[in-house]
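Peer 1: The following block contains a protein sequence and its predicted model.
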Number of protein chains: 2
Amino acid sequence: MSDSDELLSIRAAELYYDEDKTQDEVGQILGLTRWKVGRLLAQAKEKGYIRIEIVHPRARKLGLERELRDAFGLADAIVVPVSGAKNDAEIRDRVAQGAADYLTALRPVPRTLGISWGRTLDDVAAKLTDGWATRVSVVQINGGVTLNQRAGTAAATAVSIAKKASGDATLLPSPAILERLETKKSIEGDRMVAQVLGMAAEASAYLYSAGVAGPDSAHVHSGYLTTENVRELVRRGAVGDVVGRYIDANGMIVDPSLDERTLGLSLDQLRAAPTSIAVIAGLAKQAVARAMVSSGLCTVLVTDEETARAVLNP
Amino acid sequence: MSDSDELLSIRAAELYYDEDKTQDEVGQILGLTRWKVGRLLAQAKEKGYIRIEIVHPRARKLGLERELRDAFGLADAIVVPVSGAKNDAEIRDRVAQGAADYLTALRPVPRTLGISWGRTLDDVAAKLTDGWATRVSVVQINGGVTLNQRAGTAAATAVSIAKKASGDATLLPSPAILERLETKKSIEGDRMVAQVLGMAAEASAYLYSAGVAGPDSAHVHSGYLTTENVRELVRRGAVGDVVGRYIDANGMIVDPSLDERTLGLSLDQLRAAPTSIAVIAGLAKQAVARAMVSSGLCTVLVTDEETARAVLNP
DNA sequence: CCAAAACCTGCTCACATGAGCAAAACACCC
DNA sequence: GGGTGTTTTGCTCATGTGAGCAGGTTTTGG
């Protein structure tokens, strides 16, 4: 296309889109036939000079969603925009809303939903509306925070999600990480715990988030790991944890002996699930998001635009 | 509109604009009639959820242009977008291009064009193409930079603009500001200078920019004023200079005695001109832009989006 | 509880638009 | 310079879309 045609196409686009003129009117103003105007507009669109953005906190980025699905063979992807968000909290909020919307619309409705815990899951629980589903059993899939001041939030998340669906919550009464392998084995052997784990293993869908491997990790706050432990994990390549298990950029377990002492669903069980929904929001979680998606940990990814881009173009 | 309708309108907009579906297809996907979809889209547009932007360095902001024309009774306004510009230099570049385009398209073609000098005018001169007009006489309207190392650039601007229009340039052989009033009067009395000033006064159009009142002013660099002089002018309310004359926020001369010693077209002559094109680019010049426009110094303003907004909403 | 008003819905019709096509204009090569 | 292939142009026609309207539904106020 000649240079003057390019300029003309911009002028035409201004009159057509900004001034709401018809192509005919634009043609009269610029001294062109209406067909020429139509072609110029088509060229401007094709060259990407016309950008149409949907500005709404609950808007989605269907283009990125498709790219994610295609690139990683995901069953689905939900990507929310970041434009207009003032801070990380607002982005997390939008992602949580997106996850809640997705869960509400999910068909078939899961009979049993396995969930992890954490701030992200709390947010999703808060966004779910009463009656988002009916009679859904919620089961925890990894050991919870039970031994510190935040006690009960993990349980509260599960109960809240279940209650809003007129279902009941089954809690996993165990620490996330045990100090000794034998302790873990014996807890696993407990009839009650084994029953919960069995239920978790057969859940029809999973909903979980991931943590960043760093001094701010929930495991550190909860006292399961020391700052030094986490530093060592990072040294060995850890990018974050999924249901309590630390993975590297390839989605591999970083420390098998630590992993053996971690109670809950295994990553392979998660990978085998037909529906596992990962909810990941915020700038800090891009590395772990990529590790999860590329190693097939989830079939559905709910995230923000920037994380989506980072996952696609590492 | 109900909350769910709002969400629906967003979903519809996504399918319609991002996925290029027809309203009918959107309707089938969302389970709505195509008329409902059309209404939802109209609502989304009306509520401003659909933002259409033309992304091109030579695009213009017709909405802001109209606002400027209406608010200040301008004959015309050219506003270029800032989005996508990496720095101030790129914005200046776009504004210069806009001014060059405007000048090229200006009808009737001015027989005599009065110009000031400065970096902005240099940029505009560089953007003008050979043959932008034919046989236009260019005349300087204020005293030039002749006594320092940058000697000749003011002349070069004028010559360049004239040459590209197969016309000739008439230079004003005088300093911008004289130390003593008598000197100024005697230079003004010089036959040659008087002739140039007469020609300048009768130019059919003016093209000029403005400077910021600050230590970086061209007058300081050229040695006409000291940093101290400028500081004093600022203290007395100066926001910048137009054709060498310092004005305050209301467009009034700040220091009449200084102004008397400034050689060139007076501001009142400029205000009386039927076509005077002000070219103002960059974040620093918003105050002086507003002063100029609101005091009627120009009939045409060429500027960038941000300055335009600043002028409209001070 | 009912009437009036406001609103929403599905429709017809007129207009706006993009696809496809023949003719014209242009570029190119021998 | 003339023939050939390619691009551009102006058009017809089918489809997409918005305005306006009648009938139905919900809301509001007595």
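Peer 2: Thanks, I have it.
Peer 1: Packing partners of the helix or strand hosting A:L197?
Peer 2: Per DSSP states H and E: A:L197 is located in helix A:191-201. With contacts taken as 3 or more C-beta pairs under 8 Å, 6 or more residues apart in numbering or on different chains; DSSP states H and E, helix A:191-201 sits against strand A:137-140, helix A:181-189. From N, CA and C alone the C-beta is placed, and that goes for glycine too.
Peer 1: Measure how buried A:A194 is and give me the count.
Peer 2: If you count neighbours by other C-beta atoms under 10 Å in any protein chain shown, A:A194 ends up with 12.
Peer 1: Could you tell me which residues of the stretch 1-150 of chain A lie near DNA strand D?
Peer 2: Neighbours of DNA strand D within the stretch 1-150 of chain A, by C-beta under 7 Å from any atom of the strand: A:M1, A:T33, A:W35, A:K36, A:R39.
Peer 1: out of the helices and strands packed on helix A:191-201, deepest packed?
Peer 2: Across the helices and strands packed on helix A:191-201, averaging neighbours per residue (mean count of other C-beta atoms under 10 Å in any protein chain shown) puts strand A:137-140 on top, at a mean of 24.
Peer 1: Tell me who's in contact with A:L265.
Peer 2: A:L265 makes contact with A:G114, A:I141, A:N142, A:L197, A:A200, A:A201, A:Y206, A:V243, according to C-beta atoms under 8 Å, 6 or more residues apart in numbering or on different chains.
Peer 1: now do 6 Å
Peer 2: Going by C-beta atoms under 6 Å, 6 or more residues apart in numbering or on different chains, A:L265 touches A:I141, A:A200, A:V243.
Peer 1: swap in A:R191?
Peer 2: A:R191 neighbours (C-beta under 6 Å, 6+ apart): none.
Peer 1: And A:E19, by the same measure?
Peer 2: A:E19 is in contact with B:L62, counting by C-beta under 6 Å, 6+ apart.
Peer 1: ok, so what distance separates it from A:I29?
Peer 2: 9 Å (C-beta to C-beta, to the nearest Å).
Peer 1: again, but for A:I115
Peer 2: 59 Å.
Peer 1: what about those two, which has more around it?
Peer 2: For A:I115 versus A:I29, neighbours defined as other C-beta under 10 Å are more numerous around A:I115 (28 against 14).
Peer 1: which residues touch the more buried one?
Peer 2: A:L207.
Peer 1: helix/strand/coil for the closest residue to DNA strand D within the stretch 51-200 of chain A?
Peer 2: Nearest residue of the stretch 51-200 of chain A to DNA strand D, counting by C-beta to the nearest atom of the strand: A:I52, 12.9 Å away. Under DSSP: H, G, I helix; E, B strand; the rest coil, the three-state class of A:I52 is strand.
Peer 1: State the number of residues packed around it.
Peer 2: 14.
Peer 1: Excluding chain neighbours, what is closest to it?
Peer 2: Distances taken as C-beta to C-beta, 6 or more residues apart in numbering or on different chains place B:Y17 nearest to A:I52, at 4.7 Å, with adjacent residues excluded.
Peer 1: what's the answer for A:R271, then?
Peer 2: Nearest residue to A:R271, sequence neighbours excluded (C-beta to C-beta, 6+ apart): A:G296, at 5.4 Å.
Peer 1: Could you say which helix or strand holds the one you found?
Peer 2: Per DSSP H and E, there is no helix or strand for A:G296.
Peer 1: so what's the backbone phi/psi at it?
Peer 2: Phi and psi for A:G296, reported as degrees, to the nearest 10, are phi 70, psi 30.
Peer 1: Read off the pLDDT value for it.
Peer 2: In this model, A:G296 is scored at 96, pLDDT.
Peer 1: Likewise for A:G143?
Peer 2: For A:G143, pLDDT reads 81.
Peer 1: Tell me if stretch A:41-53 is near DNA strand C.
Peer 2: Yes: using C-beta under 7 Å from any atom of the strand, stretch A:41-53 reaches DNA strand C at A:L41, A:A42.
Peer 1: What are the contacting residues of that stretch?
Peer 2: A:S9, A:A12, A:A13, A:Y16, B:Y17, B:R51, B:I52, B:E53, B:I54, B:V55, B:H56.
Peer 1: Could you do stretch A:67-77 as well?
Peer 2: Contacts with stretch A:67-77, where a contact means C-beta under 6 Å, 6+ apart, come from A:E65, A:V293, A:T299, A:V300, A:L301, A:L312.
Peer 1: Tell me who's in contact with the fourth one.
Peer 2: Just to be clear, that refers to A:V300. By C-beta under 6 Å, 6+ apart, the contact set of A:V300 is A:A75, A:D76, A:I277.
Peer 1: Type out the PyMOL command that picks the buried ones from those.
Peer 2: Selection of buried members from these for PyMOL, criterion 16 or more other C-beta atoms under 10 Å in any protein chain shown:
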select buried, chain A and resi 76+277
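Peer 1: my guess is A:V254 contacts A:Y246, does it?
Peer 2: Yes: counting by C-beta atoms under 6 Å, A:V254 does reach A:Y246; the two are 4.7 Å apart.
Peer 1: Now do the shared contacts for the two.
Peer 2: Common contacts of A:V254 and A:Y246 (C-beta under 6 Å, 6+ apart): A:L233, A:A238.
Peer 1: Of these two, which one has the most company?
Peer 2: Legend: neighbour count by other C-beta under 10 Å for A:V254 and A:Y246, higher for A:Y246 (28 against 20).
Peer 1: in which helix or strand would I find the residue most central in space within chain A?
Peer 2: When C-alpha atoms, centre = their mean is applied to chain A, the residue found nearest the centroid is A:V279 (2.3 Å). Using DSSP H and E, A:V279 sits in strand A:276-280.
Peer 1: now the angle from the helix or strand following that strand to strand A:276-280?
Peer 2: Moving toward the C-terminus from strand A:276-280, the next helix or strand (DSSP H and E) is helix A:286-294. Interaxial angle, helix A:286-294 versus strand A:276-280 (axes from the mean of the first three to the mean of the last three C-alpha atoms, to 10 degrees): 160 degrees.
Peer 1: what does helix A:286-294 rub up against?
Peer 2: So helix A:286-294 is in contact with A:72, A:210, A:239-240, A:247, A:249, A:251, A:278, A:280, A:298, A:301, A:307, A:310-311, A:314, going by C-beta under 6 Å, 6+ apart.
Peer 1: Near A:P256, how many other residues are there?
Peer 2: 8.
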